[in-house]
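1. sequence and predicted structure below; questions after.
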Amino acid sequence: MDNVQGRPVFEARNLYKSYGGLRATDDLSIQLETGKIHALIGPNGAGKTTALSQLSGELRPDDGQVWFDGQDITRFSMPWRARMGVARSFQITAIFDDFTVAENVAVAVQSRTRHHFSFWRAVSRDAGINQRAMALLEQVGLGGFASRRAADLSHGQKRQLEIAMALALEPKVLLLDEPMAGMGPTESNQLAELLEKLKPDFAILLVEHDMNIVFRLADVISVLVNGAMIASGSVDDVRDNEDVQKAYLAEGY
Ligand SMILES: Nc1ncnc2c1ncn2[C@@H]1O[C@H](COP(=O)(O)OP(=O)(O)OP(=O)(O)O)[C@@H](O)[C@H]1O
């Protein structure tokens, strides 16, 4: 399988995960395609984070499989999946506060290129790394902040930086866990614009509570309740679905 539009580059098949008597993931199957944002929503405790952790490799399912690029990766660790091209943003990256914005991205680029120190090649290699870091910063809209200390960025800009660092790994799949959390409307709008811009090149899974963002960005929405998927389809399909409305009303949304 490859990165051709319209084919699932990433797939979960019949995942199950229980904690004691509680089914946190109940026969979950989901497909992600390049060029699409697939939102995973559901009331509190529905199992969204548990599902995402099984997709990223942080958590082993009790049963079921995860496939990426035509390969069964169920037993692959999170770092291994990240190297292959499955990036979970906001978890796999850590910002160094005392580094500049550009240095943070350069470190991520360096880890990707498995830079081996060589006295003669160091300068030219570093020039390449810095160029790549700058290109990534431009891509996420932080081009003008390259020499700023990372600690001095706003909350929203830090999220943009984290995305640049995730992109440094050259992923095909982006797993985003509530990227808008803690943001005001302006920052949240900026991040939404960035995700729209990135969309054509990636298969994106978006776990998000903000329904305005979900309805704006998602091509496909899947709804989890008690670990099971009760609906999956277009924005209109899901918005009009009675079971979905009931599930959300029951939670007082
Ligand atoms: N490590 C764990 N041990 C026991 N129970 C757990 C564990 N992790 C999650 N759960 C339970 O599994 C269920 C699903 O939790 P999960 O965090 O995946 O839901 P969620 O949809 O992400 O919730 P929220 O929207 O509140 O973040 C919940 O009932 C939760 O209490």
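-> Structure's in. What do you need?
2. what's opposite Asp26 in the beta bridge?
-> Counting by DSSP bridges, Asp26 forms beta bridges with Tyr16.
3. so for it, what's the pLDDT?
-> On pLDDT, Asp26 comes in at 98.
4. what's around Leu153, how many residues?
-> Per other CB atoms under 10 Å, the neighbour tally for Leu153 reads 19. Glycine gets a C-beta too; all of them are placed from N, C-alpha and C.
5. next, the contact list for it, please.
-> Leu153 sits next to Val101, Phe145, Leu161 when contact means CB atoms under 8 Å, 6 or more residues apart in numbering.
6. what of Lys158?
-> Taking CB under 8 Å, 6+ apart, one finds Ile95, Ala150 in contact with Lys158.
7. tell me the helix or strand right after the host helix or strand of it.
-> When elements are assigned from DSSP states H and E, Lys158 belongs to helix 155-167. Following helix 155-167 in sequence order, the next helix or strand is strand 173-177 (DSSP H and E).
8. one step back: quick check on the contacts of Leu153: which are buried?
-> For these, a neighbour count by 16 or more other CB atoms under 10 Å gives the buried set as Val101, Phe145, Leu161.
9. just the residues you listed now: which is nearest the ligand?
-> Nearest to the ligand among the buried ones among the contacts of Leu153 is Leu161, at 23.5 Å by CB to the nearest ligand atom.
10. could you report the pLDDT at Arg194?
-> In this structure residue 194 is Leu, not Arg. Reported pLDDT for Leu194: 92.
11. near the ligand, which residues of the chain?
-> Residues of the chain lying near the ligand by CB under 6 Å from any ligand atom: Tyr19, Leu22, Ala24, Gly42, Asn44, Gly45, Ala46, Gly47, Lys48, Thr49, Thr50.
12. what is the neighbour count of the fifth one?
-> Counted with other CB under 10 Å, residues neighbouring Asn44 total 8.
13. quickly find the element holding it.
-> If you go by DSSP H and E, Asn44 is not part of any helix or strand.
14. which phi and psi does it have?
-> Dihedral pair for Asn44: phi -50, psi 140, per degrees, to the nearest 10.
15. picking up where we left off before, okay, the residues of the chain next to the ligand in JSON lines with distance to Asp201 next?
-> Listed next are these as JSON lines, based on distance: CB to CB, whole Å:
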{"residue": "Tyr19", "distance to Asp201": "36"}
{"residue": "Leu22", "distance to Asp201": "38"}
{"residue": "Ala24", "distance to Asp201": "32"}
{"residue": "Gly42", "distance to Asp201": "27"}
{"residue": "Asn44", "distance to Asp201": "32"}
{"residue": "Gly45", "distance to Asp201": "33"}
{"residue": "Ala46", "distance to Asp201": "29"}
{"residue": "Gly47", "distance to Asp201": "29"}
{"residue": "Lys48", "distance to Asp201": "24"}
{"residue": "Thr49", "distance to Asp201": "25"}
{"residue": "Thr50", "distance to Asp201": "28"}
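16. ok, the residue positioned nearest the centre of the chain - contacts?
-> Central residue of the chain (CA atoms, centre = their mean): Leu175, 2.2 Å from the mean position. Contacts here follow CB under 8 Å, 6+ apart; on that basis Leu175 touches Leu52, Leu55, Ser56, Val86, Ala87, Arg88, Ser89, Leu205.
17. next one: it from Val207, what distance?
-> Distance, Leu175 to Val207, using CB to CB, to the nearest Å: 8 Å.
18. list residues touching both of these two?
-> Contacts common to Leu175 and Val207, judged by CB under 8 Å, 6+ apart, are Leu52.
19. now the strands for this structure?
-> Taking DSSP state E as the criterion, the chain carries its strands at 8-19, 22-33, 36-41, 63-68, 71-72, 86-89, 173-177, 203-207, 220-225, 228-233.
20. out of these, which gets nearest to Met183?
-> Ranking the strands of the chain by proximity to Met183 (CB to CB) places strand 173-177 first, at 12.9 Å.
21. just checking: what are the partner strands of the closest one?
-> As defined by DSSP bridges, the strand partners of strand 173-177 come to strand 86-89 (parallel), strand 203-207 (parallel).
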